[in-house]
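J.: coordinates for the following, if possible.
(one chain, ligands or ions: 1)
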Amino acid sequence: MKYFLDTADIKAIARLYELYPISGVTTNPTIISNENRDYLEILRDIRNVIGDESMLHVQTLSTNAETMIKEAEFLKEVIGGNLYIKIPVIPEGIKAIKILKSKGMKITATAIFTPQQALMAAVAGAHYVAPYVNRIDNISCDGFNVVKEIVLLLNNYNLDTKVLAASFKNVQQIHNVALVGGHSITANPDLIDDLLKHPLTDWSVDKFIHDWEKIYGDKKMIMYNLHKK
Ligand code: G3P
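T.: Numbers count the residues shown, from 1 in each chain. Down below sits the predicted model:
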């Protein structure tokens, strides 16, 4: 499993990169515009925080292949590093994916709602395909099953493309995707934090400290070891 942060909040990105094994950051035009400041500054700030090796997924805005390619080349030039260009799976997007692939660019096909969209994007050359799990659930379909079928199709056709499942609102959706072999997920920082939360874990940690302090007072374990030497 690879974990990505679906945010452009620099403080949150820095905090979670320090804590967790995060492989990259994903953005889209909505996420960028939520920050309400210069978009290139935002992308450069993210790159500075995560470093050149870490994956940064940035989406194009236009709806024709020619301009998508120009946007991708511009982003590669001004942001650089391990950059993935996100392209929506409209027909012009598939055309752009084929051309960008031939130019050696890394591509994430996005705005995926059906397994056949993912398969077409993968055959066209996308490195990642991003199904929108919660948005699928919200139209009374089954986001988890869409991911399951995408994984099956990628395996059936021996494609190297990986799933980067997106649009999550709860831990159970992420868990379901992991159970069917979704290769990676992207979620907002709060939801990534939620993956670790359990009241009994906190209760157990508190109890360990309480039991220790009953015998050793405020002597911490490291002080105890030093004392013994
Ligand atoms: O990148 C796609 C993802 O951000 C969509 O998530 O929560 O807006 O459905 P959401």
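
J.: need the contact partners of stretch 94-108.
T.: For stretch 94-108, contacts defined as C-beta atoms under 8 Å, 6 or more residues apart in numbering pick out 26, 57, 60, 65, 68-69, 72, 76, 82-87, 109, 120-121, 124-130, 164. In short, each C-beta sits where N, CA and C put it, glycine included.

J.: repeat the analysis, applying 6 Å as the threshold.
T.: Residues from elsewhere that reach stretch 94-108, judged by C-beta atoms under 6 Å, 6 or more residues apart in numbering: 57, 65, 68-69, 72, 84-87, 120, 124-128, 130.

J.: just the ones in helices from those, please.
T.: Of these, the ones assigned to helices by DSSP state H are Ala65, Met68, Ile69, Ala72, Met120, Ala124.

J.: now, which of those residues sits nearest Asn138?
T.: Using C-beta to C-beta, Met120 comes nearest to Asn138 of the ones in helices among the contacts of stretch 94-108, at 23.3 Å.

J.: is it true that Val177 touches Ala166?
T.: No - using C-beta atoms under 6 Å, Val177 is not in contact with Ala166, being 9.9 Å away.

J.: any residue of stretch 56-70 up close to the ligand?
T.: No - under the criterion of C-beta under 6 Å from any ligand atom, the ligand is not reached by stretch 56-70; the shortest gap measures 7.6 Å.

J.: could I get that stretch in CSV with only the CA atoms?
T.: In CSV, the C-alpha atoms belonging to stretch 56-70 read as follows (Å, rounded to 0.1, in the frame of the first residue of the first chain):
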residue,chain,number,x,y,z
LEU,A,56,3.5,15.0,-6.8
HIS,A,57,0.4,14.6,-8.9
VAL,A,58,-0.9,17.7,-10.5
GLN,A,59,-4.0,18.0,-12.8
THR,A,60,-4.4,19.7,-16.1
LEU,A,61,-7.4,22.0,-16.6
SER,A,62,-8.2,22.1,-20.3
THR,A,63,-10.4,19.7,-22.2
ASN,A,64,-8.5,19.3,-25.4
ALA,A,65,-5.4,17.1,-25.9
GLU,A,66,-3.2,19.8,-27.4
THR,A,67,-3.6,22.2,-24.5
MET,A,68,-3.4,19.4,-21.9
ILE,A,69,0.0,18.5,-23.4
LYS,A,70,1.2,22.1,-23.2
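
J.: can you give me the buried ones in that stretch?
T.: Leu56, His57, Val58, Gln59, Thr60, Ala65, Met68, Ile69 (16 or more other C-beta atoms under 10 Å).

J.: what mean pLDDT does that stretch have?
T.: Mean pLDDT, stretch 56-70: 98.

J.: figure out how far it is from the centre of its chain.
T.: How far stretch 56-70 lies from its chain's middle: 19 Å, per C-alpha atoms, centre = their mean, to the nearest Å.

J.: now swap in stretch 32-43 and tell me
T.: Centre-to-centre, stretch 32-43 and its host chain are 18 Å apart (C-alpha atoms, centre = their mean).

J.: ditto for stretch 46-60
T.: The answer for stretch 46-60 is 11 Å, by C-alpha atoms, centre = their mean.

J.: the chain: helices as residue ranges?
T.: 10-19, 29-35, 39-50, 65-78, 91-102, 115-124, 133-137, 143-156, 171-179, 189-194, 199-216, 221-228.

J.: wait, which of the ones you listed is closest to Met1?
T.: Met1 lies closest to helix 171-179 among those, at 5.9 Å (C-beta to C-beta).
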